[in-house]
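Engineer: With the input below, show me the fold.
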Amino acid sequence: MSAIPATRDSKQGSITAASGAKLTPRLAGLRNASWGVMALAVVVGAGAGAGSVVFRWCITTFTRLLSGHNDYSASPGQSNPHVPWLGPYFVLLAPVIGGLLYGPLVNRFAKEARGHGVPEVMLAVAQRGGRISHKVAVVKTLASALCIGSGGSVGREGPIVQIGSALGSTLGRVTKAAEGRTKLLVACGAAGGIAATFNAPLAGVFFAMELILGTFSAEAFGALVLASVTASVIGRAAFGDVAFLNLPAFHVDHLAQYGLFALLGVVAALVGMGFTRFLYLIEDACDWVWRGPEWLRPAVGGLALGLVLLVLPEMYGVGYPVLEKATEGGYAVGFLLLLLAGKMLATSLTIGIGGSGGVFAPSLFIGAMLGSAYGIGVHDLIPGTAGAVGAYALIGMGATFSGAARAPITAVVILFELTGEYSIILPLMLAIVLATATSRLLSRDTIYTLKLRRRGIDLEGPAPGAALGTQHVGAVMEPLPEPLPATTSLTDAADLLSLSGHGALPVVDDTGGYVGVVTAQAVAEALAEQPDAVPQTVEQLATPPAPVTTEQPLAQALHTLLSATGTGVPVLDAEQGRPVGWLSHQSALRAVHATA
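Structural biologist: From the prediction side, this is the model:
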């Protein structure tokens, strides 16, 4: 995406963007130059790091106010020292009070702050040019901190991703950055938020690339690393250089454990997918039951959440102390399974009543309970082979998250950063890959994309109401240019390409089979090399772009078209894979004009 065109005002020494806004030469350079993106990434990382410090302080403050403890899940069942006469029954009122505070706040100022946050950021990047309201950062900070502090059983990763992304989007708008770079700044905010909150800079980078951007490029990777490192430095200055979880040492005692880890990966995928379905089942039930004003919904629903907390006070807040105790083998199998089911219910109910918080930490929690129960079970069956229970808890955490979110690289990296042990990599990769494959085989959506699809939004398709919609490529494609035989010499190919006007031509073999596309740029570069290094025919230069077929939606094919060299790409027959037409930028624009 090119930058917004600008004109120079020689008298004022400023640059006027197409939007009419005045930019100084320094600001214009900042938004357009490669070094400018890196500088902005550092600024976004610093903002995300500072935001994470404020957010965690707010969580701690509200938790102390509403529960009387720094983390009530570390001392479940105790009374609130502020109201000792209520005993443990104060948990019935804490979610109601929290709901009365954050419910009107979200409903009045930023409704997109409701829920777990990451899907909204994914949607902003995929279909809204990276535009996120600046109000989201403030509202999400207060609403999520109040929700978690009052007992909401959700995580803090979703909120900090949305907070950091809102900061990145705001900076992109202030500097009048091009759409592509605004999206990158949004991803930088997400990476910085994850890195600072969890002291996991690598996980922040890969989380942003896997889930927010969905693509890899050298520029994006560099910017994300700068943002993540900057945020991590600020986070470590505030919280210390310690992981957000204290996990047991990991070791593999027997090769047979790899088979047990593999089976756990498949089981964890099923549990992660079950959590996804249960989450939205409860949300649907809450939607069906509630008929009052939305601002009151979190408070009234807080009564139901309070009942869950009264039965299982371990569900209060994020629940990291409970998770750590499970990885150390501190619970029996029956109670572990109860905690697993309780977390599913408490998290789903928190989101369903209109709460604000993430599902990343609950996924880790559920995985730890599953892995610990599984580890105890196999240890009882084959004590000489099974090994330590904590190892299965760690594997269960990564595999369950990957089964739900389908982000295998993030899952591997964050567990590695938490433990700092290389020995975890092989079994973790095995279990997570199997969990991801199982999840992909059984479900089209993840815990994040399903929320959007339920609203009729397909991240790979056009935005709702877009002029470019459901046309198939076959309906808008142009006639196929005359293909080049694979044996065509480079000099002949150069002449034909110069006459074609396409900048690229399809290449076919002797039987008419599709070989790929050769571009004028590739031919020119080859002819400029030393004579002994020049390929003899176009077959040696032809490379197939991502396939575009006649039955493919035009909006989906645009991703391939925009990344292709030249003015278009060949359209293949869906059955035989032979080129039958040509999709160009002009034909796509004509389709837009026809529907306008």
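
Engineer: show me where pLDDT drops low in the stretch 251-400 of the chain?
Structural biologist: For the stretch 251-400 of the chain, applying pLDDT under 70 flags no range at all.

Engineer: Which parts of it are strands?
Structural biologist: Counting by DSSP state E, counting those that start in this stretch, no segments of the stretch 251-400 of the chain form strands.

Engineer: show me the contacts for Ile432.
Structural biologist: Gly265, Gly398, Ala399, Ser402, Pro408, Ala411, Val412 (CB atoms under 8 Å, 6 or more residues apart in numbering). Placement of C-beta: from N, CA and C, glycine included.

Engineer: what about the stretch 101-250 of the chain, any weak spots by pLDDT?
Structural biologist: Residues of the stretch 101-250 of the chain that meet the cut-off, pLDDT under 70, sit at 244.

Engineer: Show me the helices in it, by range?
Structural biologist: Counting by DSSP state H, counting those that start in this stretch, the stretch 101-250 of the chain has helices at residues 118-127, 135-149, 157-174, 179-198, 201-207, 218-239.

Engineer: What is the nearest of the contacts of Ile432 to Gly384?
Structural biologist: Within the contacts of Ile432, proximity to Gly384 (CB to CB) peaks at Gly265, which comes in at 22.5 Å.

Engineer: so the closest one touches Met397, yeah?
Structural biologist: No - counting by CB atoms under 8 Å, Gly265 stays clear of Met397, with 11.7 Å between them.

Engineer: higher neighbour count, the two?
Structural biologist: Legend: neighbour count by other CB atoms under 10 Å for Gly265 and Met397, higher for Met397 (31 against 28).

Engineer: Against Ser165, how distant is the residue nearest to the more buried one when sequence neighbours are not counted?
Structural biologist: Leaving aside its chain neighbours, Met397 sits nearest to Gly367 (4.0 Å; criterion: CB to CB, 6 or more residues apart in numbering). Counting by CB to CB, to the nearest Å, the gap from Gly367 to Ser165 is 25 Å.

Engineer: and these two? which has more neighbours close in?
Structural biologist: More neighbours surround Ser165 than the other of Gly367 and Ser165, with 36 against 33 (other CB under 10 Å).

Engineer: How much space separates the more buried one from Val121?
Structural biologist: Counting by CB to CB, the gap from Ser165 to Val121 is 5 Å.

Engineer: so what's in contact with these two at the same time?
Structural biologist: Jointly contacting Ser165 and Val121 under the rule CB under 8 Å, 6+ apart are Ile132, Val186, Ala190, Ile212.

Engineer: Any idea which residue is closest to the centre of this structure?
Structural biologist: Leu211 (2.4 Å; CA atoms, centre = their mean).

Engineer: That one: what's it in contact with?
Structural biologist: Shown in contact with Leu211 (CB under 8 Å, 6+ apart): Val118, Met122, Ala405, Ala407, Thr410, Tyr448.

Engineer: Closest one to Gly222 out of the residues you listed, please.
Structural biologist: Thr410 (18.6 Å).

Engineer: ok, how many other residues are close to that closest one?
Structural biologist: 27.

Engineer: and the closest residue to Glu294 other than its chain neighbours, what is it in contact with?
Structural biologist: The shortest distance from Glu294 to any non-neighbouring residue, by CB to CB, 6+ apart, is to Asn107 (5.1 Å). By CB under 8 Å, 6+ apart, the residues touching Asn107 are Pro293, Glu294, Trp295.

Engineer: Backbone dihedrals for Pro506, both of them.
Structural biologist: Backbone torsions of Pro506, given as degrees, to the nearest 10, read phi -70, psi 150.

Engineer: what pairs with it across the strands?
Structural biologist: Note on Pro506: beta-bridge partners by DSSP bridges are Val517.

Engineer: what residues are up against it?
Structural biologist: Taking CB under 8 Å, 6+ apart, we find Pro506 in contact with Leu480, Pro481, Pro483, Leu484, Tyr514, Val515, Gly516, Val517, Pro570, Pro579.

Engineer: Of the residues you listed, which count as buried by neighbour count?
Structural biologist: The neighbour count (16 or more other CB atoms under 10 Å) marks Pro481, Pro483, Leu484, Tyr514, Val515, Gly516, Val517, Pro570, Pro579 as buried among the contacts of Pro506.

Engineer: coming back round to it: what's the separation between the residue nearest to Met397 and Met344?
Structural biologist: Distance, Gly367 to Met344, using CB to CB: 12 Å.

Engineer: relative to helix 157-174, how tilted is the helix or strand that Trp57 is a member of?
Structural biologist: Using DSSP states H and E, Trp57 sits in helix 34-67. If you take axes from the mean of the first three to the mean of the last three CA atoms, to 10 degrees, helix 34-67 sits at 140 degrees to helix 157-174.

Engineer: And the contacts of Asn107, which of them are buried?
Structural biologist: The buried subset of the contacts of Asn107 - by 16+ other CB under 10 Å - is Trp295.

Engineer: Make JSON lines out of the contacts of Asn107 and add distance to Leu490.
Structural biologist: Shown next, in JSON lines, are those (distance: CB to CB, whole Å):
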{"residue": "Pro293", "distance to Leu490": "71"}
{"residue": "Glu294", "distance to Leu490": "66"}
{"residue": "Trp295", "distance to Leu490": "69"}
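
Engineer: For Gly87, state which of the contacts of Asn107 is nearest.
Structural biologist: Closest to Gly87, out of all of the contacts of Asn107 and judged by CB to CB, is Trp295, at 30.3 Å.

Engineer: how about the nearest residue to that closest one, chain neighbours excluded?
Structural biologist: Asn107 (4.0 Å).

Engineer: distance of that neighbour from Arg440?
Structural biologist: According to CB to CB, Asn107 stands 36 Å off from Arg440.

Engineer: what's the answer for Val42, then?
Structural biologist: 36 Å.

Engineer: Then Ala195?
Structural biologist: Distance, Ala195 to Arg440, by CB to CB: 27 Å.

Engineer: neighbour-wise, which of Val42 and Arg440 wins?
Structural biologist: Legend: neighbour count by other CB under 10 Å for Val42 and Arg440, higher for Val42 (17 against 13).

Engineer: hang on, isn't that one packed against Thr230?
Structural biologist: Yes - counting by CB under 8 Å, Thr230 is a contact partner of Val42 at 5.1 Å.

Engineer: Show the contacting residues for the residue lying closest to Val308 once chain neighbours are set aside.
Structural biologist: Take Val308 and drop its neighbours on the chain: the residue closest to it by CB to CB, 6+ apart is Ala346, 5.1 Å away. Residues near Ala346 by CB under 8 Å, 6+ apart: Ser153, Leu305, Val308, Leu309, Leu312, Met315.

Engineer: how does it look with 10 Å?
Structural biologist: Residues near Ala346 by CB atoms under 10 Å, 6 or more residues apart in numbering: 151-154, 305, 308-309, 311-312, 314-317, 319, 339, 362, 365.

Engineer: Sort out which of these are buried, if you could.
Structural biologist: 151-154, 305, 308-309, 312, 314-317, 319, 339, 362, 365.

Engineer: Which single one of those residues is nearest to Val523?
Structural biologist: For the buried ones among the contacts of Ala346, the nearest to Val523 is Pro362 (54.8 Å; CB to CB).

Engineer: Any idea how many residues pack against the closest residue to that closest one other than its chain neighbours?
Structural biologist: Spatial nearest neighbour of Pro362, chain neighbours left out: Thr347 (4.3 Å); criterion: CB to CB, 6+ apart. When counting by other CB under 10 Å, one arrives at 30 neighbours for Thr347.

Engineer: ok, Thr347 touching Ile353?
Structural biologist: No - counting by CB atoms under 10 Å, Thr347 stays clear of Ile353, with 11.3 Å between them.

Engineer: Give me the common contacts of these two.
Structural biologist: Gly152, Ile282.
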